[in-house]
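In: My questions concern the predicted model and sequence given below.
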Amino acid sequence: MSTLIVKNINLIDGTGAEVKENVSVIIENGKFTGIGNDVESANAEVIDGGGKYMLPGMIDTHVHLSTEFKPLAERVATPFSYQFYEAAQYAERTINAGITTVRDALGSSLGFKQAINNGLVTGPRMQVSVNALSITGGHGDGYNYSGIDLSLVKPYEGMPDGIADGVDEVRKKTRELLRAGADVIKVMATGGVSSPTDHPKFTQYSLEELKVIVEEAQFRNGVKVMAHAQGLEGIKNCVEAGIHSIEHGIYLDDEVIEKMIEKGTYLVPTLLAPVSVIEFADELGISEAGLKKSKEVMEDHKASFKKAYDAGVKIAMGTDAGVFKHGTNLRELELMVESGATPMDAIVMSTKNAAECMEIENLGLVKEGYIADFILTESNPLENIGILKNNDEIKVVAKDGKVLKNII
């Protein structure tokens with residue numbers, strides 16, 4: 001039996017409870033087994049926290065771990081297979097940022113998830129959507145007016161194409177994605193900021209098509225559906241269809257918020273996505289159209305988050321990392337606080353709520369019997385939530401009780 005004791009820490013356990021000061025935590029075989037003041041165990045490995053702050057490992061419910069935006073000239077000069085080696089680096093950056101679990105919203109195959117599970121690659125625990133369903137000309141269609149297809153994700157073995165139109169096609173394509181190992185089905189229900197031929201307010205899949213996707217995924221296979229949904233009408237269709245989580249949710253009104261609460265629908269805001277697109281447009285190779293749309297939606301995005309938060313919608317932290325640089329994910333918490341959340345609620349959204357959104361039991365809290373994912377920070381994030389965006393402030397990262405980063 002392997003035992004790890006982390007002593008002399010201040011504990012933010014993910015429940016929203018007050019900080020437990022100067023405690024020790026015992027971990028055995030990858031699970032938290034004890035929290036107290038005088039914890040001892042023979043032959044245990046000991047980490048002296050020295051007054052640092054322990055939090056559960058952070059959970060990002062919307063990433064693209066196998067991709068990262070880059071200028072077009074660089075993309076076309078890069079061999080196809082190079083992306084798989086880059087993905088290993090993105091995974092390690094994500095761990096070093098304090099993210100121990102992710103839900104991949106497009107671009108990562110079952111093989112990448114298994115490589116992490118088997119220790120071939122150091123990275124976060126993953127759920128994968130494999131690819132995303134999109135209508136022709138929709139947010140998942142990289143076809144440009146020039147006639148050139150610049151999709152970030154190209155089909156290959158284990159990565160089915162995601163384009164599907166009409167009830168019969170979406171039914172079959174959902175089944176193909178499940179066959180490829182999808183843990184969650186991703187659907188593009190509206191236009192988007194980065195897509196070349198549409199707008200975030202454009203409604204894409206019909207209510208009937210969305211219901212079929214939910215039927216195939218959830219009712220037949222017990223798999224939830226997550227929806228890229230930015231425009232109001234598309235969001236309403238998704239909630240009505242029984243989709244589990246609304247990704248982005250840029251344009252919300254009181255009616256759809258009430259429906260989300262009634263149905264238990266999650267919001268995954270990804271406030272960081274348009275902010276990063278604007279700040280790093282040249283470095284990321286963002287088109288002029290994408291930059292313009294990002295600027296257009298920014299204030300509405302923040303206002304919708306605040307409205308949903310104040311109303312009591314279930315919110316899980318997600319970032320859209322891959323649209324911007326991996327490893328910068330935890331700036332999302334600072335943006336949530338700037339948009340009206342308390343620091344403690346931002347942490348709960350990034351731990352307990354995110355684990356519940358992903359339906360992973362015994363994850364997201366520092367609690368006896370729970371999976372021992374945790375981070376140690378140099379200073380108190382409740383006093384300055386912005387410290388979490390600085391990877392140097394994340395001193396220790398552990399997943400399943402195994403320390404993957406230690407710079408104490």
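Out: Nice, thanks for sending it over.
In: pull the helix or strand with minimum mean pLDDT from this protein.
Out: In the chain, the helix or strand scored least confidently by mean pLDDT, DSSP states H and E is helix 281-284, which has a mean of 79.
In: List the buried residues of the following helix or strand past it.
Out: Using DSSP states H and E, the helix or strand that follows helix 281-284 towards the C-terminus is helix 288-311. Neighbour counts over helix 288-311 (16 or more other C-beta atoms under 10 Å) mark 290-291, 293-294, 296-298, 301-302, 304-309 as buried. Heads up, the C-betas are built off the backbone N, CA and C, glycines and all.
In: repeat for stretch 265-281
Out: For stretch 265-281, by 16+ other C-beta under 10 Å, it's 265-277, 281.
In: Give me the lowest-pLDDT entry from those.
Out: Within the buried residues of stretch 265-281, residue 281 has the lowest pLDDT, namely 76.
In: Surely that residue and residue 292 touch.
Out: No: taking C-beta atoms under 8 Å as the definition, residue 281 is not a contact partner of residue 292, at 10.3 Å.
In: can you list residues touching both of these two?
Out: Shared contacts of residue 281 and residue 292 (C-beta atoms under 8 Å, 6 or more residues apart in numbering): none.
In: residues in contact with residue 33?
Out: By C-beta under 8 Å, 6+ apart, the contact list for residue 33 reads 26, 27, 368, 369.
In: What about those residues, which are in helices?
Out: Using DSSP state H, no member of the contacts of residue 33 sits in helices.
In: what are the ranges of the strands in the stretch 151-300 of the chain?
Out: Ranges of strands within the stretch 151-300 of the chain are 185-188, 225-229, 245-248, 266-268, based on DSSP state E, counting those that start in this stretch.
In: which strands and helices sit next to the second one?
Out: The criterion is 3 or more C-beta pairs under 8 Å, 6 or more residues apart in numbering; DSSP states H and E, and the helices and strands that strand 225-229 contacts are strand 185-188, helix 207-214, helix 232-241, strand 245-248.
In: next one: the last one
Out: The criterion is 3+ C-beta pairs under 8 Å, 6+ apart, and the helices and strands that strand 266-268 contacts are strand 245-248, strand 314-315, helix 352-357.
In: ok, it: who's next to it in the sheet?
Out: Take DSSP bridges as the rule and strand 266-268 pairs in its sheet with strand 245-248 (parallel), strand 314-315 (parallel).
In: What of the first one?
Out: According to DSSP bridges, strand 185-188 forms sheet pairs with strand 132-133 (parallel), strand 225-229 (parallel).
In: Residues in contact with the longest one: which ones?
Out: By C-beta under 8 Å, 6+ apart, the list of residues contacting strand 225-229 from outside reads 62, 103, 105, 129, 132, 139, 184-190, 192, 210, 213-214, 217-218, 234-235, 238, 242-249, 268.
In: Ok, which of the strands paired with strand 185-188 comes nearest residue 99?
Out: Nearest to residue 99, of all the strands paired with strand 185-188, is strand 225-229, at 17.5 Å by C-beta to C-beta.
In: Kindly export that closest one (C-alpha atoms) in CSV.
Out: The C-alpha atoms that make up strand 225-229 are tabulated as CSV, following Å, rounded to 0.1, in the frame of the first residue of the first chain:
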residue,chain,number,x,y,z
VAL,A,225,-24.4,15.6,-25.2
MET,A,226,-22.6,18.9,-25.0
ALA,A,227,-23.5,21.7,-27.4
HIS,A,228,-21.5,24.5,-28.8
ALA,A,229,-24.4,27.0,-28.6
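In: Now do the same for that strand: mean pLDDT, whole number.
Out: The predicted model assigns strand 225-229 a mean pLDDT of 98.
In: how far off helix 207-214 does that strand point, in degrees?
Out: Going by axes from the mean of the first three to the mean of the last three C-alpha atoms, to 10 degrees, strand 225-229 is angled at 140 degrees with respect to helix 207-214.
In: distance between stretch 161-175 and the chain's centre?
Out: Here the centre of stretch 161-175 is set off from its chain's centre by 24 Å, with C-alpha atoms, centre = their mean, to the nearest Å.
In: again with stretch 308-322
Out: Counting by C-alpha atoms, centre = their mean, stretch 308-322 is centred 10 Å from the centre of its parent chain.
In: buried stuff in that stretch?
Out: 308, 309, 313, 314, 315, 316, 317, 318, 319, 320, 321, 322.
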